[in-house]
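S.K.: Predicted model follows, preceded by the sequence.
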Amino acid sequence: MKVDLYDFELPEHLIAQVPLKDRTASRLLTLNKQTGEIRHQHFGDILNYFNEGDTLILNDTRVIPARLFGTKKDTGAKAEVLLLTQLEGDRWEALVKPGKKIKTGAVIQFGDELEAVIEEEGDMGMRVLSFRYEGIFQEILDRLGEMPLPPYIKETLDDRERYQTVYAKHEGSAAAPTAGLHFTTELLEAIRAKGVSIGFVTLHVGLGTFRPMSVDTVEDHVMHEEYYSLPVETAELIHATKARGGRIIAVGTTSARTLETVARDFGDKPLQATSGWTQIFIYPGHTFGLVDAMITNFHLPKSTLVMLVSALAGRDHIMAAYEEAIREQYRFFSFGDAMFIY
């Protein structure tokens, strides 16, 4: 299957640069995955699409201020580090710029309180590095680091918390699970009041968010590993929801990838608490084991995320919905509008 099948022309002015003041003020395009019917709503209308007995699954990862700017200790040359995955202790997998000039053994300084030693080199600027510091690393990172906004966002983010979901809990992501940015505490309370259950999974968003597809054929793409966790409470909630005939609604592609990883690993066996690393790549032809519906944002052309939503709703329905969204001037990407596929 050709990657070009998931390409489309996106006017640059539709790429949302800043979040809306009100999280729930975004627009909502609803897509019936069976019929292809499209409707235009506002995000607060999402309540009308939930049924008593459904369960909403949210990714409670928290974004760390993972972008660091420093200098090479020996030359004073500027260097940029984007933390992606904590390996163990103070060792991290990271993207480093300029990748060609920062070799194994190099030391990067970040002010007077933090430095990193490059231990291993990988492709496309990938490095494994180890930090040296005195004090508490997270506190130092909070002082020195910046939010790792995607490269298509050129504006400065005034409030860090607007790139966090209101339920963000477990630190470790290099990017936000952006479908969840539309929810407020009040909306979540209204959802519960309607008889809809809410469960949480964790998937720390890593390199896969930043790496473009460099192949021509979909099946040749290899996803980067990301850490996930399914707690026992969520496993029990999913089982109870399926038993009563309710729907599992994934909030975002990260929640969907976590749920489908678990579905693949457990098969027909009862779900249990689990955690690990996933490279699952969902594209048309995938049979969904747990996810019945999904809330998601509008994604980049030729991205693995467009392929994932196409697996759920069908490529033709998704491409028609994207064409409609562009025609109707929806806002795209991380701070953009939302889609509900049901």
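M.R.: Sure, I can see it. Residues are numbered from 1 along each chain as shown.

S.K.: only C-alpha atoms for contact and neighbour calcs from this point on.
M.R.: OK.

S.K.: Going along the chain, name the strands of the stretch 51-200 of the chain.
M.R.: In the stretch 51-200 of the chain, the strands defined using DSSP state E, counting those that start in this stretch lie at 55-59, 61-63, 67-72, 78-88, 91-97, 107-110, 114-121, 126-133, 170-173, 197-203.

S.K.: for the record, mean pLDDT for the third one?
M.R.: Confidence over strand 67-72 (mean pLDDT, whole number) is 96.

S.K.: now do the first one
M.R.: Taken as a whole, strand 55-59 carries a mean pLDDT of 98.

S.K.: Let me know how buried residue 13 is, in neighbour terms.
M.R.: 10 (other C-alpha atoms under 10 Å).

S.K.: Look up how far residue 296 lies from it.
M.R.: 20 Å (C-alpha to C-alpha, to the nearest Å).

S.K.: Check residue 164 and give its pLDDT.
M.R.: 97.

S.K.: Quick check: it touching residue 62?
M.R.: Yes. Using C-alpha atoms under 8 Å, residue 164 makes contact with residue 62 at a distance of 6.6 Å.

S.K.: any residues in contact with both of the two?
M.R.: Both residue 164 and residue 62 are in contact with residue 176, where contact means C-alpha atoms under 8 Å, 6 or more residues apart in numbering.

S.K.: Show me the one of the strands of the stretch 51-200 of the chain that comes nearest residue 20.
M.R.: Nearest of the strands of the stretch 51-200 of the chain to residue 20, taken as C-alpha to C-alpha: strand 61-63 at 19.0 Å.

S.K.: Run through who's touching the closest one.
M.R.: Here strand 61-63 makes contact (C-alpha under 8 Å, 6+ apart) with 147, 163-165, 168-177, 202-204.

S.K.: neighbouring strands for it, and are they parallel or not?
M.R.: strand 170-173 (parallel) (DSSP bridges).

S.K.: how distant is the partner strand from the center of its chain?
M.R.: 12 Å (C-alpha atoms, centre = their mean, to the nearest Å).

S.K.: Buried residues, it. List them.
M.R.: By neighbour count with 16 or more other C-alpha atoms under 10 Å, strand 170-173 contains the buried residues 172-173.

S.K.: same thing with stretch 5-15?
M.R.: 6, 15.

S.K.: okay, how far is it across that stretch, tip to tip?
M.R.: 21 Å.

S.K.: re the thing from before, more neighbours: residue 164 and residue 62, which one.
M.R.: residue 62 (25 against 22).

S.K.: Please name the bridge partners of the more buried one.
M.R.: residue 171.

S.K.: All good on my end, thank you.
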